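K.L.:
Please work out how this folds:
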Amino acid sequence: MLSLVDLRRRIEAGTLTPEGAIRLSQEAILARDPVVRATVVTDPAPAVTDVGPLAGIAVGVKDIIDTAAMPTQMGSPIYDGWRPKADAAIVMRLQALGAVALAKTTTSPFASVDPTETTNPHDSNHTPGGSSAGSAAAVGAGMLPLALGTQTGGSVIRPASFCGCAAIKPSFRLLPTVGVKTFSWALDTLGLFGAGIGDVAHALALIAGRPAIDLGGTVPGTPRVMVVTQDYAEAPAPEAQGALDRARQAAERAGALVRDFALPAEFAVAFESHGTVQDFEARQALAWEYAHHRDALSPRLGPQLDAAQGLDAAAYDDARRKAHRARRLLKTLFSDFDAILTYSTPGFAPRTLASTGDARFNRLWTLMGVPCVNVPVPGDGLPVGVQVIARFGDDGRALAVAAMIEGALER
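P.N.:
Down below sits the predicted model:
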């Protein structure tokens, strides 16, 4: 994979130019994308600057995020060829830092659950996950050092685990969603994909304008890590359990205090409420598309919105209350520990291109709004990761614990 931190180090040392760094991505896309099919369109004449801390960094932009220089087609024929007049706020921020929005990456239609044409970079017979399929696959395939995704259920952490790259779903609203097609305004969160934890930590700190987020993998004191198996969800496959066990051992080797922890019953209740919040809001966010183009909606999204028409405000309000109670309880629980360690996915990427996989180990944490980091775990076979979670607003700690585990896994 292309490391953002390594590219920037080479640029600052004068052994690589920003133009040369962008060219590495262009060449990798030409070489690998005919099989991986992660990009929708690339900018044929990108404006490359040598000014800014992300100069020379090519970025993949999920195709529900507005770009003025390239079409934004939402993964749907409804928006075929559509050209926004303005860049999304996140794209403007990246450009201000010197980065280049080089490619639009594939997305499930409107960031839903329908698969894209993208294949897993490690085995083209397997799904890359979704809905941020193209962004995860492009980074995992070594085509881009940084890519943007969004998560409403598990659309950043799941594909990162399947494609073998690092990723963060930051705290809710840390990054601006202005100019991003909405699916659920209470859940949608921009996320970042990179080669390693240091890459996404460095990028997030710069993009958010919060240098303290990038702790350089240093965790103050002795980190207290709770291993949570999410017993409210169906058990994972052996490879996911094996990855969690190896990550636990790595955390212990790195000096963390690691304990098992069972989530109180309130979290199982909140987990069940995620779909109600998501679909009640999706019904409104996609009301125009549903009213005028129902027949053009994708095979899974259309029936999902059909069913959502029956949701009423009382059910939605009840689901939000259940989520709020769990968030308050989680805040209290984090006074006793620093991070949660849990599964990123139920196992390896399924051997199919007809599904994006199961987000059951992600939905609760998206609903809680807390920072979640995928840490790839070395092993046999396809990639699989583990998830590090910290309290709301403590993205730096989540990344530092993740980097600590990553480093111990590599030793």
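K.L.:
With adjacent residues omitted, what lies nearest to residue 211?
P.N.:
The shortest distance from residue 211 to any non-neighbouring residue, by Cβ to Cβ, 6 or more residues apart in numbering, is to residue 205 (5.4 Å). No exception for glycine: its C-beta is placed from N, CA and C like everyone else's.
K.L.:
Can you spell out which helices and strands pack onto the strand or helix carrying that neighbour?
P.N.:
Element membership of residue 205, judged by DSSP states H and E, is helix 197-208. Secondary structure elements in contact with helix 197-208, counted by 3 or more Cβ pairs under 8 Å, 6 or more residues apart in numbering; DSSP states H and E, are helix 4-13, helix 89-96, strand 166-169, strand 189-194, strand 372-376, helix 395-410.
K.L.:
Could you list the low-pLDDT ranges of the stretch 201-350 of the chain?
P.N.:
Residue ranges of the stretch 201-350 of the chain with pLDDT under 70: none are present.
K.L.:
so who does residue 201 touch?
P.N.:
Taking Cβ atoms under 8 Å, 6 or more residues apart in numbering, we find residue 201 in contact with 168, 213-217, 396, 399-400, 403.
K.L.:
Report the buried residues of the following helix or strand past the helix holding residue 205.
P.N.:
Under the assignment DSSP H and E, the closest C-terminal helix or strand after helix 197-208 is strand 224-227. For strand 224-227, a neighbour-count test (16 or more other Cβ atoms under 10 Å) marks 225-227 as buried.
K.L.:
Tell me the one among those nearest to residue 281.
P.N.:
Closest approach to residue 281 among those (Cβ to Cβ): residue 226, at 30.6 Å.
K.L.:
The buried residues of strand 224-227 into a markdown table, with extra columns for distance to residue 125?
P.N.:
Listed next are these as a markdown table, based on distance: Cβ to Cβ, whole Å:
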| residue | distance to residue 125 |
| --- | --- |
| 225 | 35 |
| 226 | 36 |
| 227 | 32 |
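K.L.:
Considering these, which is situated nearest to residue 26?
P.N.:
For the buried residues of strand 224-227, the nearest to residue 26 is residue 225 (40.5 Å; Cβ to Cβ).
K.L.:
Do I have it right that the closest one meets residue 342?
P.N.:
No - using Cβ atoms under 8 Å, residue 225 is not in contact with residue 342; the gap is 10.4 Å.
K.L.:
quick one: the strands in the protein?
P.N.:
39-42, 58-62, 100-105, 146-151, 166-169, 189-194, 224-227, 257-260, 339-343, 372-376, 385-389 (DSSP state E).
K.L.:
about what we covered before: my read: the residue nearest to residue 211 touches residue 215, true?
P.N.:
No - counting by Cβ under 8 Å, residue 205 sits too far from residue 215 to count as a contact (9.0 Å).
K.L.:
Name the residues contacting each of the two.
P.N.:
Shared contacts of residue 205 and residue 215, counting by Cβ under 8 Å, 6+ apart, come down to residue 396.
K.L.:
quick one on the thing from earlier: just put the strands of the chain in JSON lines and tack on distance to residue 17.
P.N.:
What follows is the strands of the chain, written out as JSON lines (distance: least, Cβ to Cβ, whole Å):
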{"stretch": "strand 39-42", "distance to residue 17": "20"}
{"stretch": "strand 58-62", "distance to residue 17": "13"}
{"stretch": "strand 100-105", "distance to residue 17": "13"}
{"stretch": "strand 146-151", "distance to residue 17": "18"}
{"stretch": "strand 166-169", "distance to residue 17": "26"}
{"stretch": "strand 189-194", "distance to residue 17": "21"}
{"stretch": "strand 224-227", "distance to residue 17": "42"}
{"stretch": "strand 257-260", "distance to residue 17": "45"}
{"stretch": "strand 339-343", "distance to residue 17": "39"}
{"stretch": "strand 372-376", "distance to residue 17": "30"}
{"stretch": "strand 385-389", "distance to residue 17": "33"}
